[in-house]
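A.B. asks: All I have is the shape, not the residue letters:
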């Protein structure tokens with residue numbers, strides 16, 4: 001038991017030294033604005049806060065504001081109610097592209113029990129938004145058949161509501177957040193593009209990030225375990 005305790009401490013030390021330094025806003029300009037911002041707070045290049053797609057209803061309840069990445073954990077912030085939806089329109093899946101050949105992965109949200117599943121969607125049927133003719137820039141909305149689940153990456157997430165501007169750093173007075181999506185399945189695959197929309201495609205959120213493996217932590221853990229083996233032999 002003494003040696004198990006030492007090994008446990010070594011593991012905690014190794015991964016504690018490589019802990020997250022704080023969430024980073026990885027949101028990018030989705031490139032779709034009406035003239036002069038189409039009358040809603042003006043055109044704010046480089047952000048999706050206070051902006052929805054051209055020709056849509058421009059209010060906070062439709063606003064998708066940001067992707068935040070904290071080490072490997074992804075969060076989404078918006079005035080849109082991710083859990084309950086708005087006016088009969090609901091959250092879609094979170095899509096990821098790690099190359100130039102279309103969407104590669106997607107996270108399916110299960111709000112009934114706050115869990116999620118990860119899928120390879122390279123061969124899957126992608127479901128368009130209900131307003132696909134008018135808002136093709138928001139596609140896809142969800143994925144359908146032929147997706148392949150990655151069961152090792154399923155997990156749980158959290159939902160927060162009633163967040164203020166001060167708490168989130170975004171405008172609109174009332175915000176929602178879903179968080180805790182582990183993107184470890186993207187580690188070592190380079191830069192990724194991530195997108196999210198609701199069923200009607202009123203807003204389209206995009207971000208760019210990268211999940212970098214932690215060779216330093218792995219090396220430290222391995223070195224510590226090797227050292228512990230040598231220590232045990234010496235004590236014996």
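C.D. replies: Great, that's in hand. These figures come from a predicted structure and were not determined experimentally.
A.B. asks: Nearest spatial neighbour of residue 204, chain-adjacent residues omitted?
C.D. replies: Among residues not flanking residue 204 along the chain, residue 138 sits closest, at 4.2 Å (C-beta to C-beta, 6 or more residues apart in numbering). Any C-beta I mention is one placed from the backbone N, CA and C, and that applies to glycine too.
A.B. asks: Wait, that neighbour touches residue 196, no?
C.D. replies: No. Counting by C-beta atoms under 8 Å, residue 138 sits too far from residue 196 to count as a contact (9.7 Å).
A.B. asks: any common contacting residues for the two?
C.D. replies: Residues touching both residue 138 and residue 196 (C-beta atoms under 8 Å, 6 or more residues apart in numbering) are residue 204.
A.B. asks: Residue 83 versus the residue nearest to residue 204, what's the distance?
C.D. replies: 20 Å (C-beta to C-beta, to the nearest Å).
A.B. asks: between the two, which one's more packed in?
C.D. replies: Legend: neighbour count by other C-beta atoms under 10 Å for residue 138 and residue 83, higher for residue 138 (27 against 15).
A.B. asks: got a list of what the residue most central in space within the chain touches?
C.D. replies: Residue closest to the mean C-alpha point of the chain, counted by C-alpha atoms, centre = their mean, is residue 74 at 3.6 Å. When contacts are counted by C-beta under 8 Å, 6+ apart, residue 74 is found next to 67-68, 94, 179, 181-183, 194.
A.B. asks: will you turn those into JSON lines that also has neighbour count?
C.D. replies: JSON lines is the format used below for these (neighbours: other C-beta atoms under 10 Å):
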{"residue": "67", "neighbour count": "25"}
{"residue": "68", "neighbour count": "22"}
{"residue": "94", "neighbour count": "23"}
{"residue": "179", "neighbour count": "16"}
{"residue": "181", "neighbour count": "21"}
{"residue": "182", "neighbour count": "19"}
{"residue": "183", "neighbour count": "23"}
{"residue": "194", "neighbour count": "27"}
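A.B. asks: I figured residue 53 hits residue 198, correct?
C.D. replies: No. Taking contacts as C-beta under 8 Å, residue 53 lies outside contact range of residue 198: 10.8 Å.
A.B. asks: what residues are up against residue 196?
C.D. replies: Contacts of residue 196 (C-beta under 8 Å, 6+ apart): 64, 67, 76, 91-95, 204-205.
A.B. asks: Phi and psi next, for it.
C.D. replies: phi -150, psi 140 (degrees, to the nearest 10).
A.B. asks: Just the local confidence number for it, please.
C.D. replies: As predicted, residue 196 sits at a pLDDT of 98.
A.B. asks: contacting residues around the residue nearest to residue 204?
C.D. replies: With C-beta under 8 Å, 6+ apart, residue 138 has these contacts: 53, 129, 131, 197, 201-204.
A.B. asks: how's this protein carved up into domains?
C.D. replies: Domain ranges of the chain: 1-18+222-236, 23-213, per automatic domain parsing.
A.B. asks: thinking again about what came up before, how close does the residue nearest to the centre of the chain sit to residue 92?
C.D. replies: On the measure of C-beta to C-beta, residue 74 and residue 92 end up 15 Å apart.
A.B. asks: Closest to residue 169 out of the contacts of residue 74?
C.D. replies: Nearest to residue 169 among those, counting by C-beta to C-beta, is residue 68 at 9.5 Å.
A.B. asks: so what's that closest one bridging to?
C.D. replies: residue 25, residue 75 (DSSP bridges).
A.B. asks: Was I right to think it contacts residue 168?
C.D. replies: No. Using C-beta under 8 Å, residue 68 is not in contact with residue 168; the gap is 9.4 Å.
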